[in-house]
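In: give the three-dimensional model of this entry:
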Amino acid sequence: MPNLNRILLIGNLTRDPEMQYTAKGTAITNISLAINRVTKTDDGEKREEVTYVDVTLWGNLAENAAKYLNKGKPVYIDGRLQLDQWDDKQTGQKRSKLKVVAESMQFLGSRDDNGGPAPAARPVAASRPTSGTVHKPQHHPDLNPEPDDIPF
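Out: Just a heads-up that it's a prediction; the model follows:
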């Protein structure tokens, strides 16, 4: 039977990224996203729900997130779900937490907070910590057209 573990998220950072390095020197950055959902009740009143999701980024992806993202910035994450399990040191109970491991991301919004032009959307591919190869983003010709190719 086929399996699929993929999640796509767009949200705003709830805090500044926290970057650390493994003993082998691989960067790990943890971020938390707030994802809003607006619905209407039967009375027509708007209701907003917020879901908070923890995301872990590895390698070059982690370094880019720590360098360019900060609290409040919007970001698109393409990743997979991972279940972390451990024994609580204080109570001895088994604990678990579901999180997202990012495999690529796109910076969203404007380049600055003063309404400046938005950067071209470029996916940033993650390098896997267990592999010696770096996965570079694929270039898409529509993301950076030549000035002569723009139809206006």
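
In: what about the strands in the protein?
Out: For the chain, applying DSSP state E gives strands covering 7-13, 18-21, 27-40, 46-58, 74-87, 94-107, 124-125.

In: what packs against the third one?
Out: The helices and strands touching strand 27-40, judged by 3 or more C-beta pairs under 8 Å, 6 or more residues apart in numbering; DSSP states H and E, are strand 7-13, strand 18-21, strand 46-58, helix 59-68, strand 74-87. Quick note: C-beta positions are derived from backbone N, CA and C, even for glycine.

In: centre of the chain versus stretch 4-21, how much separation?
Out: Distance, stretch centre to chain centre, for stretch 4-21: 3 Å (C-alpha atoms, centre = their mean, to the nearest Å).

In: pLDDT of it, averaged?
Out: On average, the pLDDT along stretch 4-21 is 95.

In: so what touches that stretch?
Out: 27-36, 52-53, 55, 62-63, 65-66, 69-81, 100, 108 (C-beta atoms under 8 Å, 6 or more residues apart in numbering).
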